[in-house]
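Student: Sharing a model prediction with you, sequence too.
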There are 2 protein chains.
Amino acid sequence: MKKKEMIYEGKAKQIFKTDKNDQVIVHFKDDATAFDGQKKGQIAEKGMINNKISNFFFKLLEEKGIKTHLIEELNERDSLVKKVDIIPLEVVMRNVAAGSLAKRIGLEEGTPLKQPVIEFYYKDDDLGDPLINVSHIELLGLAGREELERLIALGHKINDILVKFLKERNVDLVDFKLEFGKTAEGEIILADEITPDTCRFWDSETKEKLDKDRFRRDLGDVEEAYHEMYKRITGQDWK
Amino acid sequence: MKKKEMIYEGKAKQIFKTDKNDQVIVHFKDDATAFDGQKKGQIAEKGMINNKISNFFFKLLEEKGIKTHLIEELNERDSLVKKVDIIPLEVVMRNVAAGSLAKRIGLEEGTPLKQPVIEFYYKDDDLGDPLINVSHIELLGLAGREELERLIALGHKINDILVKFLKERNVDLVDFKLEFGKTAEGEIILADEITPDTCRFWDSETKEKLDKDRFRRDLGDVEEAYHEMYKRITGQDWK
Ligand SMILES: Nc1ncnc2c1ncn2[C@@H]1O[C@H](COP(=O)(O)OP(=O)(O)O)[C@@H](O)[C@H]1O
Ligand SMILES: Nc1ncnc2c1ncn2[C@@H]1O[C@H](COP(=O)(O)OP(=O)(O)O)[C@@H](O)[C@H]1O
Ligand SMILES: [Mg+2]
Ligand SMILES: [Mg+2]
């Protein structure tokens, strides 16, 4: 598949046209940002690791009946995916209080939630990706009522699958962010990525952070955390 | 009805015990606060005006079939009400973009909303009354699913009644906050207050603000706005 011109450059990935109108190539960069882009840096080989991890998760989810955008991995940093119209919502699933949820509702970070929490954030960099509710989503026309029900059901199903998979690898899935998109045929499928950039992974015993929070919060050993997650997920050493 | 000891002192009102276990007296103060209590002041005779305005609205709503806590006005600043367990949610109804909604979703203040928006804020001063969603409400056990449906239906019905009433008096009901409570019998009724402290009222023609935003934003003529709203709502001059 030929990589044609770049059509979007985001904070962590680039999107390229291909010969086919309904397919794009996702290129994973080493760039890392935090706090709405205020903090910037690089994580060595992150792009390669995230490409592999995301594709691993997407294949796992496909096996469990979740439709994703993944077509095939092309090389270390590039994957061919179905082009979708991204629904401008970050769907966040949470199993343990951390980050903004801990602050918002006054729970100590690390408190297990007695049921998974789902949140929608409006994907809008200028507004700082604010939390919004169903009423806002309807007003803005970001998704219809049935589509929302679908996103909620998919969010919970994906959460169940990933929690179980990771638990067996001694990792607590604290929370993570999903993006969905619509194909030309109007089907809602999972898009974007599932990686240590977009998830909070904690070692089940030590509660050590194995994700982008090491970069956000300057905890050190950032690369090591990505390597460790690569190993726990795929069962293979990173190089 | 005898006014016994004070059981709660809030930012704008005091609550007193009475001879009856299931009734309390609400006393309206002139105190005004803004920005989570950071800004403090007084608005002359506000307590008296708000007592009258709130009771006027509650009677209007009762006539339209909405159950409220109001039993009777006792004197200029005091009203006898049914004691309820307040559901710790601020139910906010919005018809025009203003305040935090305008900021959150990037609409210019004054933009009419093509449908009313409903929001729930967690009534918790320490947390700064954060916006929360249905998933947070369920996690925290603040209201059951059926109760929430009821709050949503009541919020919309009250909004419809008040929008219509005020429009005929040349006032746009931009947004307002409701609090509901449960009686000992488990019935959900409207409680707290509906006043220029808890609503945004704009003159329909000039869009002049006739509410607590005059205090919040130091616009001057604060008392005059409360007098004007008293007049438009009751049809009588304030003293
Ligand atoms: N299958 C897809 N089709 C089209 N766009 C996609 C697809 N998957 C992800 N995207 C979008 O491509 C961009 C990926 O780049 P990224 O660096 O994550 O951007 P951002 O900085 O906006 O998060 C995102 O805007 C994402 O929504
Ligand atoms: N019918 C009622 N029964 C019991 N409590 C009530 C009733 N109506 C209102 N309240 C509560 O009484 C308090 C009124 O005081 P207020 O000054 O508004 O307090 P706050 O500073 O918490 O907003 C609020 O906490 C409100 O929830
Ligand atoms: Mg992204
Ligand atoms: Mg109050």
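Tutor: Yep, it's here. Ligands and ions are numbered 1, 2, ... in the order given.
Student: List of residues touching the longest helix anywhere in chain A?
Tutor: Longest helix in chain A, counting residues (DSSP state H): helix A:145-167. Applying C-beta atoms under 8 Å, 6 or more residues apart in numbering or on different chains, the contact partners of helix A:145-167 are A:57, A:60-61, A:64, A:66, A:87, A:89, A:91, A:93, A:95, A:116, A:118, A:120, A:134, A:137-138, A:143, A:172-173, A:176, A:178, A:180, A:188, A:190, A:194, A:201, A:204, A:232-233. Glycine gets a C-beta too; all of them are placed from N, C-alpha and C.
Student: Show me what the following helix or strand past it is packed against.
Tutor: The C-terminal neighbour of helix A:145-167 among helices and strands, as given by DSSP states H and E, is strand A:171-182. When contacts are defined as 3 or more C-beta pairs under 8 Å, 6 or more residues apart in numbering or on different chains; DSSP states H and E, strand A:171-182 sits against strand A:85-86, strand A:89-96, helix A:145-167, strand A:188-191, strand A:199-203.
Student: what's the pLDDT at whichever residue of chain A sits closest to ligand 1?
Tutor: Chain A approaches ligand 1 most closely through A:G10 (2.0 Å), counting by C-beta to the nearest ligand atom. Predicted confidence (pLDDT) for A:G10: 96.
Student: for A:D172, same thing?
Tutor: For A:D172, the predicted pLDDT is 98.
Student: Show the contacting residues for it.
Tutor: A:N95, A:V96, A:L166, A:F201, A:W202, A:D203, A:S204, A:K207.
Student: The last one and A:G110 touch, don't they?
Tutor: Looking back up the chat, that one is A:K207. Yes: if you go by C-beta atoms under 8 Å, A:K207 and A:G110 touch, sitting 6.6 Å apart.
Student: re the thing from before, now the two most distant members of the contacts of A:D172.
Tutor: Comparing all pairs in the contacts of A:D172 by C-beta to C-beta, the longest separation belongs to A:N95 and A:D203, at 14.7 Å.
Student: ok, the two, which is more surrounded?
Tutor: A:N95 (19 against 15; other C-beta atoms under 10 Å in any protein chain shown).
Student: just checking, the more buried one touches A:C199?
Tutor: No: applying C-beta under 8 Å, one finds A:N95 not in contact with A:C199, separated by 10.8 Å.
Student: Spell out which residues are contacts of both of those two.
Tutor: A:L173, A:V174, A:D175.
Student: care to break chain A down by domain?
Tutor: What automatic domain parsing lists as the domains of chain A is A:6-82, A:85-223.
Student: now the longest one, how far from the centre of its chain.
Tutor: Centroid separation between domain A:85-223 and its chain, computed with C-alpha atoms, centre = their mean, to the nearest Å, is 7 Å.
Student: Mind listing what's buried along stretch A:136-154?
Tutor: Residues of stretch A:136-154 classed as buried: A:H136, A:I137, A:E138, A:L139, A:L140, A:L142, A:A143, A:E147, A:L148, A:L151, A:I152, A:L154 (neighbour count, 16 or more other C-beta atoms under 10 Å in any protein chain shown).
Student: Now do that stretch, average pLDDT.
Tutor: 97.
Student: Okay, now it: how far is its last residue from its first?
Tutor: In stretch A:136-154, first residue to last residue: 20 Å (C-alpha to C-alpha, to the nearest Å).
Student: Please determine whether it lies in contact with ligand 1.
Tutor: No: using C-beta under 6 Å from any ligand atom, stretch A:136-154 stays clear of ligand 1, with a minimum separation of 13.4 Å.
Student: OK, contacts around A:V222?
Tutor: A:I43, A:R214, A:F215.
Student: count of residues packed around the second one?
Tutor: Burial of A:R214, expressed as a neighbour count using other C-beta under 10 Å, amounts to 20.
Student: Stretch A:214-233: how far from the chain's middle?
Tutor: 16 Å.
Student: and what of stretch A:5-16?
Tutor: 16 Å.
Student: burial count for the residue nearest to A:E5 when sequence neighbours are not counted?
Tutor: Using C-beta to C-beta, 6 or more residues apart in numbering or on different chains and skipping residues adjacent in sequence, the residue nearest A:E5 is A:K17, 5.5 Å away. A:K17 has 16 neighbours, counted by other C-beta under 10 Å.
Student: A:K40 too?
Tutor: Using other C-beta under 10 Å: A:K40 sits among 11 other residues.
Student: where does it land in three-state SS?
Tutor: strand (DSSP: H, G, I helix; E, B strand; the rest coil).
Student: name the element the residue nearest to it when sequence neighbours are not counted belongs to?
Tutor: Using C-beta to C-beta, 6+ apart and skipping residues adjacent in sequence, the residue nearest A:K40 is A:T33, 5.3 Å away. Assigned by DSSP H and E, A:T33 belongs to strand A:31-34.
Student: Averaged pLDDT, that strand. What do you get?
Tutor: 97.
Student: hmm, that strand touching ligand 1?
Tutor: No: judged by C-beta under 6 Å from any ligand atom, strand A:31-34 stays clear of ligand 1, getting no closer than 7.6 Å.
Student: Am I right that A:G37 is in contact with A:K11?
Tutor: Yes: proximity of A:G37 to A:K11 meets the contact threshold set by C-beta under 8 Å, at 6.4 Å.
Student: which of the two has more neighbours?
Tutor: The residue with more neighbours, out of A:G37 and A:K11, is A:K11; 14 against 10, by other C-beta under 10 Å.
Student: Name the SS class of the more buried one, please.
Tutor: Under three-state DSSP, A:K11 comes out as coil.
Student: residue in chain A nearest to ligand 2?
Tutor: For chain A, C-beta to the nearest ligand atom, closest residue to ligand 2: A:G106, 16.4 Å.
Student: In contact with that residue: list those residues for me.
Tutor: B:D124, B:D126, B:L127.
Student: What's the separation between the second one and A:I105?
Tutor: In this view, B:D126 and A:I105 are 11 Å apart by C-beta to C-beta, to the nearest Å.
Student: next one: the first one
Tutor: For B:D124, the distance to A:I105 equals 8 Å [C-beta to C-beta].
Student: list the residues that contact both of the two?
Tutor: B:P130.
Student: Which one's more surrounded, the two?
Tutor: Neighbour tally, B:D124 and A:I105, criterion other C-beta under 10 Å: the higher count belongs to A:I105, 21 against 15.
Student: gap between that one and B:I86?
Tutor: 18 Å.
Student: now A:H136
Tutor: From A:H136 to B:I86 the distance is 25 Å (C-beta to C-beta).
Student: again, but for A:F120
Tutor: 27 Å.
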